[in-house]
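>>> Fold the following for me, if possible:
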Amino acid sequence: MKKILHPASTRGSANYGWLQANYSFSFANYHDPERLQFGLLRVLNDDTVAPGAGFGKHPHQNMEIVTIPQQGSLHHEDSTGGEGVINAGDIQVMSAGSGVEHSEKNASSTEPVKLFQIWIFPEIQHVKPRYDQAKIEPLLRENAFSTVVKPKAQAAEGELWLHQQAYFSIGKFNDTTQTTYTLHNKTHGVYVFVIEGEAAVDSHILQTRDAIGVWETDTVPITAAANSHILIIEVPMN
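Residues are numbered from 1 along each chain as shown. The predicted structure is shown next:
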């Protein structure tokens, strides 16, 4: 088993006034040659957007993008004619594919919106752009990890999917819980990110916003503390 620790304090950060950002991997003006990506996971940004502010219209191409608001609401519009609001408790998947322009703005003029935006390299280039979203809570089991996004070929009707052999799993733990995450493919790795609370991952203690990447293993032992919220992203390593 190989591991790489990413304590929250080592992330890149930026304060643009309207946007406070934390970068798990090199992004925008933050560049660390040792933290370009984890396997095919390219971006994990932890953003706070001020009331009424947001990202103006901008292009994406050939990237699978997952957005998970943690607080507040995010309004999006795109060049395909799509428009809507993603609320805290929702998860949205976008395939940028052959090219899409979109904007993302705080839907509130009084409250900030806090969100994770995650980019995964796709396995297929130039697909037709698309959006999909769902509420997370109905997908979760109590005190366990539940897969909320999976590869297209494995997704049933109504399930969220990506153009990649990647899996997103979320766990909300009311009680201290010992569990094991089993990888879908032994050539994959997992990036374990503690949204809130505390977890022990193969004896490494992680606090809020700490992360660890693990690969060259079939399973990952995890002990989640009570009142913890954890995200696991499984991706091919090359």
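>>> quick one: which helix or strand includes the residue sitting nearest the centre point of the chain?
Per C-alpha atoms, centre = their mean, the C-alpha nearest to the average position across the chain is that of I118, at 4.2 Å. Element membership for I118 (DSSP states H and E) is strand 113-120.
>>> just how off-centre is that strand within its chain?
On the basis of C-alpha atoms, centre = their mean, to the nearest Å, strand 113-120 sits 6 Å off its chain's mean C-alpha point.
>>> in its sheet, what does it sit against?
Applying DSSP bridges, strand 113-120 is found paired with strand 41-49 (antiparallel), strand 64-71 (antiparallel).
>>> returning to that earlier point: pretty sure the residue nearest to the centre of the chain contacts L41?
Yes - judged on C-beta atoms under 8 Å, I118 makes contact with L41 at a distance of 7.2 Å. From N, CA and C alone the C-beta is placed, and that goes for glycine too.
>>> hmm, back to that, just the angle between the helix or strand following the strand holding I118 and strand 64-71, please?
Where DSSP H and E defines the elements, the next helix or strand beyond strand 113-120 is strand 130-135. Computed by axes from the mean of the first three to the mean of the last three C-alpha atoms, to 10 degrees, the angle separating strand 130-135 from strand 64-71 equals 30 degrees.
>>> Check which residues of strand 130-135 are buried.
Y131, Q133, A134 (16 or more other C-beta atoms under 10 Å).
>>> And stretch 211-225, by the same measure?
Using 16+ other C-beta under 10 Å as the burial criterion, the residues of stretch 211-225 that qualify are A211, I212, G213, V214, W215, T217, V220, I222, T223, A224, A225.
>>> re the thing from before, in CSV, list the buried residues of strand 130-135 along with distance to L206.
As requested, the buried residues of strand 130-135 are exported to CSV (distance: C-beta to C-beta, whole Å):
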residue, distance to L206
Y131, 32
Q133, 28
A134, 27
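>>> Could you find the lowest-pLDDT member of those?
pLDDT is lowest at Y131 among the buried residues of strand 130-135; the value there is 92.
>>> which residues does it contact?
Listed by C-beta atoms under 8 Å, 6 or more residues apart in numbering, the contact set of Y131 reads H76, D78, T80, G82, G84, Q92, V93, M94.
>>> Is it bridged to anything, and to what?
Beta bridges link Y131 to M94, judged by DSSP bridges.
>>> can you check V43 too?
W119.
>>> Does it touch Y30 like I think?
No - under the criterion of C-beta under 8 Å, V43 makes no contact with Y30, lying 11.1 Å away.
>>> overlap in contacts of those two?
Joint contacts of V43 and Y30 (C-beta under 8 Å, 6+ apart) are Y23.
>>> So what pairs up with P151 in the strands?
On the basis of DSSP bridges, P151 is bridged to L162.
>>> burial count for it?
Residues lying near P151 (other C-beta atoms under 10 Å) number 15.
>>> my guess is it meets L162, correct?
Yes - here P151 reaches L162: they are 6.3 Å apart, a contact under C-beta under 8 Å.
>>> can you give me phi and psi for P122?
P122 adopts backbone torsions of phi -80, psi 160, taken as degrees, to the nearest 10.
>>> show me the contacts for it.
If you count contacts by C-beta under 8 Å, 6+ apart, P122 has them with N62, M63, E64, S95, G97, L162, H163, Q164.
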